Structures are given as structure tokens and as C-alpha cells.
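Novice: Provide a 3D model corresponding to the input given below.
(one chain, ligands or ions: 1)
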Amino acid sequence: MLQVMRFDVLTLFPEMFPGYLGQSLLKRAIDGGLVEVRLHNIRDWSDDRHKSVDDRPYGGGPGMVLMVKPVVECVEAVRAQDAEAGRLIMLSPQGRRLDQSVVERLATERRLILLCGRYEGFDERIKQLLSPEEISIGDFVLNGGEVAAMVVIDAVLRLVPGVLGDERSNKQDSFSGDERLLEGAQYTRPREFRGLTVPEVLLSGNHPEIARWRHEQSLRRTQQRTEERPT
Ligand code: 4GT
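Specialist: Predicted coordinates for the structure are as follows:
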């Protein structure tokens, strides 16, 4: 049986997604029916005549806050469109940092509902009512959750069987092996460019030796990166 993965994206800017989703690998997965992405405009759940979805913060302060009503009603309506309730993800700088182990867990879900914020963020009661899983793509601030949602979709989709095409390339990529190592250096033609050459071992045809060299490179790179990173 073909397992379809479904994403529902809740956003004030659905028009940001089609360009990204039309990219070759994703387009093939969507056209082939492996993946379904539905875009929902939170503004459609606003009920005043100005279609407002944001308002000034109680207690004062700069900027605007996303209103509880349109967001909660949008999530509820989208949820009800499918028997599978799906996992609700709120993209937020306060969330748990996305890493490959989170991506692997999300890839086991059949339906993900991705909630993108704008302005200064969400009314706190949205979290109280919906208990979303909050995910951040890194310690920096964006103007909206849309780019973060695309990051989640991109990382999760390449783990869905059949999306990559060549399943092997997945296994060998950074972080997907058992040891969670970074990928080593790679080369393609030409053998020499501006005096820079390809390591001899890669041209040797000695595959056990090549595998050993690559593994060493991965270890070294991972070690260096670990030393650079603050914990
Ligand atoms: C950063 C991230 C994110 C934002 C991140 C609500 C209003 C959040 C704007 C939004 N910034 N979203 N998901 N690091 N900004 O993941």
C-alpha cells in the first residue's frame, strides 16, 4: 500500500508556498500522489468586515499579536477535513530546536498540520487551547513561520519512501547513518581545477580503501564541527 503523507499549512501568506513546492523533487512526489500539501489562509476564518487577524497587545508594547479566534477556528476546521487528526506543529522561535531525530519522528506521521505565525507572535491562548508541538528551526528570529514550515516539509519529505527517487543517497547523507556523522568531502569532474586536484584514493578504484578514507573524513569533520559549536 502506498502511504500518502499529508501536510496542511495554515498561514497568512499561502502564496509563498507554490514556488517552493513546484521544485522538481517535491513536484514529482506531489504529482505522483505520494504527498499532498494543502494551503489554508488563516484570514478566511476572520469574521469581521475588515478580515482582521491581528490586534494590539493587551498591556501595550510594539507590534501586533495574532488573534486567538481565527487561528483556533482555522485549525479546528482543517482538522475536521480528514479522519486522521494529524499532529499540530506550531513554528515558533520558542519551540524545540529541529534536528534530524525530530525530522525522523515527524516523518512517521501520516498528517502534519503546520501553523505559521506572523507579527509579534501568537495570542497565548492558542497554545492553551490547541497544545501544539512547538518547533524552532534555529536560534534566530524570522518575520514569519512560513520559511520554517518549508524547512520542516523539505526535511521530512526526503525521508518519505519514494520521494528521493534514489533511496541510497538518503542513507549516505549527513546525519542519516547509524553514527550520525557529517558527510565528508566530495568531488566530481574535472580531476584538476586551478591547480586543485582530487585525492588520489578516490581515483584508485580500491573500494574498501575509498570507504575507509571517507569514513575517516566524516569522523574528522564531525569532530571539528563539534569542537566549534557551543553547547
Ligand atoms: C523564528 C522562527 C519561527 C519566527 C524559528 C511568530 C511571529 C513566529 C513571527 C514568527 N521566527 N518563527 N518559526 N527560528 N517568527 O523557527
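Novice: state the mean pLDDT of the helix or strand containing residue 36.
Specialist: Using DSSP states H and E, residue 36 sits within strand 35-41. For strand 35-41, mean pLDDT rounds to 97.
Novice: list the buried residues for it?
Specialist: Going by neighbour count (16 or more other C-beta atoms under 10 Å), the buried part of strand 35-41 is 35, 37, 39, 40, 41. Every residue, glycine included, has its C-beta placed from N, CA and C.
Novice: do stretch 193-200 as well
Specialist: Under the neighbour-count criterion of 16+ other C-beta under 10 Å, stretch 193-200 has residue 198 buried.
Novice: compute the first-to-last residue distance for it.
Specialist: 15 Å (C-alpha to C-alpha, to the nearest Å).
Novice: which residues touch that stretch?
Specialist: Identification of contacts with stretch 193-200 by C-beta atoms under 8 Å, 6 or more residues apart in numbering yields 185, 187, 191, 192, 213.
Novice: for it, the averaged confidence score.
Specialist: 98.
Novice: then stretch 205-214?
Specialist: 98.
Novice: for it, which positions count as buried?
Specialist: For stretch 205-214, using 16+ other C-beta under 10 Å, the buried residues are 213, 214.
Novice: give me the distance from it to the chain's centre.
Specialist: How far stretch 205-214 lies from its chain's middle: 33 Å, per C-alpha atoms, centre = their mean, to the nearest Å.
Novice: which elements pack onto the strand holding residue 36?
Specialist: Strand 35-41 sits against strand 5-11, helix 17-21, helix 24-31, helix 68-79, with contacts defined as 3 or more C-beta pairs under 8 Å, 6 or more residues apart in numbering; DSSP states H and E.
Novice: can you put these in CSV and add distance to the ligand?
Specialist: Converted to CSV, these look like this (distance: least, C-beta to the nearest ligand atom, whole Å):
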stretch, distance to the ligand
strand 5-11, 11
helix 17-21, 15
helix 24-31, 20
helix 68-79, 11
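Novice: need the winner for burial among those.
Specialist: strand 5-11 (a mean of 23; mean count of other C-beta atoms under 10 Å).
Novice: what's next to it, contact-wise?
Specialist: With C-beta under 8 Å, 6+ apart as the test, strand 5-11 has contacts from 17, 34-42, 71, 74-75, 78, 81-82, 84, 86, 107, 109-116, 144-146, 149, 153, 156-157, 160.
Novice: what's the following helix or strand after the lowest-mean-pLDDT helix or strand in the chain?
Specialist: Here the helix or strand of the chain ranked lowest by mean pLDDT, DSSP states H and E is helix 167-172, holding a mean of 59. Sequence-wise, the next helix or strand downstream of helix 167-172 (DSSP H and E) is strand 192-193.
Novice: could you pick out the longest helix of the protein?
Specialist: The helix that spans the most residues within the chain, counting by DSSP state H, is helix 207-228.
Novice: just give me how far that helix sits from the chain centre.
Specialist: How far helix 207-228 lies from its chain's middle: 27 Å, per C-alpha atoms, centre = their mean.
Novice: measure the closest residue to residue 159 other than its chain neighbours to residue 180 for me?
Specialist: Leaving aside its sequence neighbours, residue 159 sits nearest to residue 107 (C-beta to C-beta, 6 or more residues apart in numbering; 3.9 Å). As judged by C-beta to C-beta, to the nearest Å, residue 107 and residue 180 stand 16 Å apart.
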